[in-house]
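Enquirer: Could you work out the structure for the sequence below:
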Amino acid sequence: MKIKAFAKAATVLAIMLPTVSYAHRAWLLPSATVLSGDNLSVTIDAAISNDLFYFEHRPMRLDELVITAPDGSNVKPENMSTGKYRTTFDMPLGQPGTYRVALAGDGAFARYKLNGEMKRWRGNLSDVAKTIPADAADVQVTHSQRRIETFITVGKPSDTLSKLAGTGLELLPVTHPNDVVVGSDATFKFMLDGKPAANMKVVLIRGGIRYRNNLDELNITTDQEGKVTFKPTIAGMYWISASAQDEKSDIPNVKSRRATYAATFEVLPE
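Expert: Residues are numbered from 1 along each chain as shown. The predicted structure follows:
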């Protein structure tokens, strides 16, 4: 039986975003998102997979992992372990409020011709100049920015998520991601370099796609304020992603920039 994941989205324009059914998706999956009590912790899985929240492709590397506590301090992950298909770690929750778990980083992708042969290279931005030969032709370098997140709240949600880095693509919640409930409108706001990311494509997918005939994804576009609004009809873990590309770059030899964002959040029952 096919289950429709969402009612018609409110206050947004629905569009079709090209989606590959078996595209690799990167995600952080917490064992719980909303808790109460003292001396708590959660376990988080980090992986890249075809089916959301299943371990069947490869683990995610966590060199850029930053866990921000409600008071703005950093939390050190515990018991980190990387296997063939996933990386797992424990996260102590010593304070009430909202925690942000994030992987954010910059890189570069280059295409160029050398002696008539097309070459491709991927690596750090700082290595672009010394990696691409001076006699290379048709050089095209793209600056890539990525951010992958999830959120955990102990007790009452705090304003931790309102503090943005101001670079790349980020989520500025209107509805707190730990307060999304079945049957109620939820609104998320996306920011690009600290400004509203208007007219940007966003895709929202409920987990468990292995047991559905199709993704049942919701494809929407941000309004002029960078906002999207949706009304979930089924509880569970969800994955939201967005990307933006522009031709503006202040980095030498870099012609364009592509920023991507993905987050896991839970929709709670009524």
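Enquirer: And the helices in the stretch 101-250 of the chain, which stretches?
Expert: Using DSSP state H, counting those that start in this stretch, the helices found in the stretch 101-250 of the chain span residues 128-131.
Enquirer: can you give me the strands for it?
Expert: Secondary structure of the stretch 101-250 of the chain, counting by DSSP state E, counting those that start in this stretch: strands at 117-123, 137-154, 169-173, 180-181, 186-192, 195-196, 201-206, 218-221, 227-230, 236-246.
Enquirer: Relative to residue 92, which of these is closest?
Expert: Ranking these by proximity to residue 92 (CB to CB) places strand 137-154 first, at 10.7 Å. (Each C-beta comes from the backbone N, C-alpha and C, glycine too.)
Enquirer: mind saving the C-alpha coords of that closest one as CSV?
Expert: Extracted in CSV, the C-alpha atoms of strand 137-154 (Å, rounded to 0.1, in the frame of the first residue of the first chain):
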residue,chain,number,x,y,z
ALA,A,137,43.8,25.0,-20.4
ASP,A,138,40.1,25.4,-20.0
VAL,A,139,40.4,25.5,-16.2
GLN,A,140,37.1,25.4,-14.3
VAL,A,141,37.2,25.3,-10.5
THR,A,142,34.1,25.1,-8.3
HIS,A,143,34.2,25.9,-4.6
SER,A,144,32.1,23.4,-2.8
GLN,A,145,30.5,24.1,0.7
ARG,A,146,28.6,21.4,2.6
ARG,A,147,26.7,21.3,5.9
ILE,A,148,25.1,18.2,7.4
GLU,A,149,23.2,18.5,10.7
THR,A,150,20.9,17.1,13.2
PHE,A,151,19.4,18.5,16.5
ILE,A,152,18.7,17.1,20.0
THR,A,153,16.8,18.9,22.7
VAL,A,154,16.8,18.1,26.5
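Enquirer: Could you check the angle it makes with strand 186-192?
Expert: 140 degrees (axes from the mean of the first three to the mean of the last three CA atoms, to 10 degrees).
Enquirer: which other helices and strands contact strand 137-154?
Expert: Here strand 137-154 touches strand 25-30, strand 34-35, strand 40-49, strand 87-93, strand 97-114, strand 169-173, strand 256-268, going by 3 or more CB pairs under 8 Å, 6 or more residues apart in numbering; DSSP states H and E.
Enquirer: how about CSV for these, with distance to residue 156 added?
Expert: Formatted as CSV, these follow (distance: least, CB to CB, whole Å):
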stretch, distance to residue 156
strand 25-30, 18
strand 34-35, 10
strand 40-49, 14
strand 87-93, 13
strand 97-114, 7
strand 169-173, 15
strand 256-268, 15
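Enquirer: Of all those strands, which one is nearest residue 242?
Expert: Comparing those by CB to CB, strand 256-268 comes nearest, at 4.9 Å.
Enquirer: mind checking pLDDT for the residue nearest to residue 238 when sequence neighbours are not counted?
Expert: Taking CB to CB, 6 or more residues apart in numbering, and ignoring the residues beside it in sequence, residue 238 has residue 206 as its nearest neighbour in space, at 5.3 Å. Looking at residue 206, its pLDDT reads 96.
Enquirer: Check the one 4 residues further on too.
Expert: Predicted confidence (pLDDT) at residue 210: the value is 89.
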